[in-house]
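# Just a sequence and a predicted model for now, questions to come.
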Amino acid sequence: MPKRPLEFVISAGPTREHIDPVRFLSNPSTGKMGFAVARAAAEAGFKTSLIAGPVSLSTPRNVERVNVVSACEMLEACKAKIASAKGGVVFISTAAVADFRPAVTANKKIKKGSAEEMTLRLVKNPDILKTLSAGKRDGLYKDLSLIGFAAETGSPAEEASRKCREKNLDFIVANDVSMPGSGFAVNTNRASIVFPDGTVEDLALMTKLQLARKIVALAIKGVK
Ligand code: C5P
């Protein structure tokens with residue numbers, strides 16, 4: 001775990017992958033969980049940066065916000081923040097990053113034309129957590145903790161522990177988005193904290209702010 005002084009960098013919200021200036025691929029993430037984590041980190045007294053995709057939430061007090069649109073922009077903003085940190089960094093990846101983006105973004109609105117079909121070619125987006133994890137492994141970021149989120153439908157703990165190892169995370173917060181009171185747009189979350197060794201800590205249904213405070217406390221305490 002990082003030595004003090006510590007700062008928090010949090011990614012939040014969806015990304016938008018533009019097809020043309022007026023159309024994009026995205027998802028229903030509202031950014032609520034990430035904004036709650038940023039609020040909790042700032043309230044705990046840490047320097048906190050929030051790298052936010054397009055959401056309609058106001059910035060929590062004492063949080064520095066960087067607005068981004070696409071996954072590639074989000075990655076660059078996260079790297080820049082982490083590289084410029086003076087001490088240790090806890091990066092918490094709550095963002096619902098789009099897995100794919102259009103291979104080409106038209107710079108003018110695409111006309112409907114007369115064709116009955118249209119094919120959109122997609123290319124894979126970078127995985128922000130994996131990229132940062134590789135940077136940490138290669139010594140680019142020395143004092144970096146990585147915490148992920150996993151929104152799953154059905155057996156979230158199993159999937160999450162695989163992702164935790166694959167992305168070399170300190171821990172991952174898993175939630176079953178198909179359960180009532182969990183997931184996108186609601187104010188509550190029922191989550192499990194999954195550690196790389198497979199240990200799972202199931203949490204009760206609580207507000208996103210309560211969960212955020214737990215995550216910040218766990219992140220600064222270090223891995224169990
Ligand atoms: O999408 P997935 O289930 O793999 O997301 C797990 C974690 O990885 C989340 O914390 C998410 O923010 C992060 N992620 C990322 N870059 C991506 C996809 C996911 O950082 N391109």
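Perfect, thanks for sending it. Residues are numbered from 1 along each chain as shown.

# looking just at contacts, which helices and strands does the helix or strand of the chain with the lowest mean pLDDT meet?
Ranking every helix and strand in the chain by mean pLDDT, DSSP states H and E puts strand 188-189 at the bottom, with a mean of 80. In terms of contacts (3 or more CB pairs under 8 Å, 6 or more residues apart in numbering; DSSP states H and E), strand 188-189 is packed against strand 206-207, helix 208-221. To be clear about C-beta, it is placed using only N, CA and C from the backbone, and glycine gets the same treatment.

# Nearest to residue 91 among these would be which one?
Of all the helices and strands packed on strand 188-189, helix 208-221 sits nearest to residue 91, with 9.6 Å by CB to CB.

# So which bits of that closest one are buried?
For helix 208-221, the buried set under the neighbour-count rule, 16 or more other CB atoms under 10 Å, comprises 208-216, 218-220.

# outside of stretch 36-45, which residues touch it?
Applying CB atoms under 8 Å, 6 or more residues apart in numbering, the contact partners of stretch 36-45 are 8, 10, 12, 48, 50, 60-63, 90, 92, 94, 207-209, 211-213, 215-217, 220.

# can I get the CA coordinates of that stretch in CSV?
Provided in CSV are the C-alpha atoms of stretch 36-45 (Å, rounded to 0.1, in the frame of the first residue of the first chain):
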residue,chain,number,x,y,z
ALA,A,36,-19.9,9.4,-3.6
VAL,A,37,-16.4,7.8,-3.4
ALA,A,38,-14.8,11.2,-4.3
ARG,A,39,-16.9,12.9,-1.6
ALA,A,40,-15.9,10.3,0.9
ALA,A,41,-12.2,10.6,0.1
ALA,A,42,-12.3,14.4,0.3
GLU,A,43,-14.3,14.4,3.5
ALA,A,44,-11.6,12.1,5.0
GLY,A,45,-9.1,14.9,4.2
